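Trainee: model this:
(4 chains, ligands or ions: 4)
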There are 2 protein chains.
Amino acid sequence: MHPDRRLTRNQDAVLAVLQEQRSPLSAQALYRLMRDRQPMGLATVYRALDVLKLNGLVQHRVSLEGESLYSSIHQDLHYLTCLHCGQSFVLDHCPVERLEDQIQTSGSFKVYYHTLEFFGLCEPCAHPAAPTPSTVHVDDESTADGEV
Amino acid sequence: MHPDRRLTRNQDAVLAVLQEQRSPLSAQALYRLMRDRQPMGLATVYRALDVLKLNGLVQHRVSLEGESLYSSIHQDLHYLTCLHCGQSFVLDHCPVERLEDQIQTSGSFKVYYHTLEFFGLCEPCAHPAAPTPSTVHVDDESTADGEV
DNA sequence: AGTAGAATGAGAATGGTTATCATTCTAGAA
DNA sequence: TTCTAGAATGATAACCATTCTCATTCTACT
Ligand SMILES: [Mn+2]
Ligand SMILES: [Mn+2]
Ligand SMILES: [Zn+2]
Ligand SMILES: [Zn+2]
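Mentor: Ligands and ions are numbered 1, 2, ... in the order given. Take a look at the predicted model:
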């Protein structure tokens, strides 16, 4: 396909559906959503996402589980993710918006989007409760009341 | 495995090799490197990386191609990546080091590491050369000298 | 030494993504 | 309008990094 050709009906539909979403979607989830709008093959969904990405209309990140997630280029979400339980917390604002313009201006590189994510342990996972009774060898009942 | 147990010989070896690297490695590349140091099964490499990650000793990101890349927790590299040719340019410094401490302090979340990457088109890919002669229908030679 | 739990290795299974290829569209040319 | 080359599409096979399974080996502790 030519890099700068008008979008096809399918590509348009994929873009439209993505722009209605509040959070990133996987290609497969998108494929299922398209059934009610503009049914198309799974391969076509992947190809449409590629085209849209190359045209700066869609952004693409890969979760730690290896799943590709897509969203409108206008979305700007960032997460704090726990490595233990997988739970994610959304940051209340993007800390690098400025920087993007800066890179844009100073260099010979056209920036479309960025990824930013913090990883670590959430409160509960960082301070696990005392071992559950079933895993404790109770040799002396005077030490078995769960203090930490 | 217990979350806070001393590292095994294999886990130690994986960590040591990772700390010698200048750039992130895939699990498979690491597996091949281990042959000359401390041969172990591929599954063990994956498991070791998991343990090290959960202990805040190793960081983990996933490339756009879906390949997991690992590096020492002390590495702090960020890239500007071209969506068309795949070429990556290393940023000369990390723009969010401060922010990480900030999140650390203000919240109830223990931050181990972060990812940050910019995507777009590099100079050559953003301004492709005139179409190659073989793809051009030359109907009028007066317009065929490649100006943009 | 005896034992329970953890670690390990080999290989099978998984599953998201990509490649293949025959068919259908589509935008221009004639 | 009709023709035609190139692009897009869909069904499905292939790919391949990662995870799962399970029998075996270690390791720390009694
Ligand atoms: Mn942002
Ligand atoms: Mn950094
Ligand atoms: Zn957690
Ligand atoms: Zn490029």
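
Trainee: Domain-wise, how is chain A divided?
Mentor: For chain A, the TED database gives the domain ranges A:1-73, A:75-125.

Trainee: got the ones you listed as JSON lines, with distance to B:Tyr113 and mean neighbour count columns?
Mentor: Quick note: C-beta positions are derived from backbone N, CA and C, even for glycine. Putting the domains of chain A into JSON lines (distance: least, C-beta to C-beta, whole Å; neighbours: other C-beta atoms under 10 Å in any protein chain shown) gives the following:
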{"stretch": "domain A:1-73", "distance to B:Tyr113": "12", "mean neighbour count": "16"}
{"stretch": "domain A:75-125", "distance to B:Tyr113": "6", "mean neighbour count": "16"}
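
Trainee: Select, out of the ones you listed, the one closest to B:Glu97.
Mentor: Distance to B:Glu97, taken as C-beta to C-beta, is lowest for domain A:75-125 among the domains of chain A, at 11.3 Å.

Trainee: Do me a favour and get the end-to-end distance for that closest one?
Mentor: End-to-end span of domain A:75-125 (C-alpha to C-alpha, to the nearest Å): 29 Å.

Trainee: Next, see if that domain gets close to ligand 3.
Mentor: Yes - with C-beta under 5 Å from the ion as the criterion, ligand 3 is reached by domain A:75-125 at A:82, A:84-85, A:122, A:125.

Trainee: Just confirm yes or no for that domain near DNA strand D.
Mentor: No - Domain A:75-125 stays clear of DNA strand D (C-beta under 7 Å from any atom of the strand), getting no nearer than 11.6 Å.

Trainee: Do me a favour and average the pLDDT over that domain.
Mentor: Domain A:75-125 shows a mean pLDDT of 94 in the predicted model.

Trainee: That domain and DNA strand C in contact?
Mentor: No - applying C-beta under 7 Å from any atom of the strand, one finds domain A:75-125 out of contact with DNA strand C, separated by at least 14.7 Å.

Trainee: contacts with chain B among the residues of domain A:75-125 next to ligand 3, please.
Mentor: When contact is defined as C-beta under 8 Å from any C-beta of the partner chain, the residues of domain A:75-125 next to ligand 3 meet chain B at A:82, A:84, A:122.

Trainee: out of these, who's nearest B:Val58?
Mentor: So of those, ranked by how close each gets to B:Val58 (C-beta to C-beta), first place is A:His84, at 14.5 Å.

Trainee: Give me the spatial nearest neighbour of that closest one, chain neighbours excluded.
Mentor: Spatial nearest neighbour of A:His84, excluding adjacent residues (C-beta to C-beta, 6 or more residues apart in numbering or on different chains): A:Cys125 at 3.8 Å.

Trainee: Please name the residues that touch that neighbour.
Mentor: Applying C-beta atoms under 8 Å, 6 or more residues apart in numbering or on different chains, we find A:Cys125 in contact with A:82-85.

Trainee: Try it again at 6 Å.
Mentor: A:82, A:84-85 (C-beta atoms under 6 Å, 6 or more residues apart in numbering or on different chains).

Trainee: and it, helix, strand or coil?
Mentor: Classification of A:Cys125 using DSSP: H, G, I helix; E, B strand; the rest coil returns helix.

Trainee: for chain A, what's the longest strand?
Mentor: strand A:109-122 (DSSP state E).

Trainee: okay, it in PDB with CA atoms only?
Mentor: What follows is strand A:109-122 as a C-alpha-only set of coordinates in PDB (Å, rounded to 0.1, in the frame of the first residue of the first chain):
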ATOM      1  CA  PHE A 109      12.700  13.400  13.900                       C
ATOM      2  CA  LYS A 110       8.900  13.600  13.600                       C
ATOM      3  CA  VAL A 111       7.500  12.400  16.900                       C
ATOM      4  CA  TYR A 112       4.000  10.800  16.800                       C
ATOM      5  CA  TYR A 113       3.600   9.500  20.300                       C
ATOM      6  CA  HIS A 114       5.400   8.100  23.300                       C
ATOM      7  CA  THR A 115       5.100   5.400  26.000                       C
ATOM      8  CA  LEU A 116       5.800   5.900  29.600                       C
ATOM      9  CA  GLU A 117       5.100   3.500  32.400                       C
ATOM     10  CA  PHE A 118       6.400   2.900  35.900                       C
ATOM     11  CA  PHE A 119       6.800  -0.500  37.400                       C
ATOM     12  CA  GLY A 120       7.200  -1.700  41.000                       C
ATOM     13  CA  LEU A 121       5.100  -3.000  43.800                       C
ATOM     14  CA  CYS A 122       1.800  -1.700  45.100                       C
END
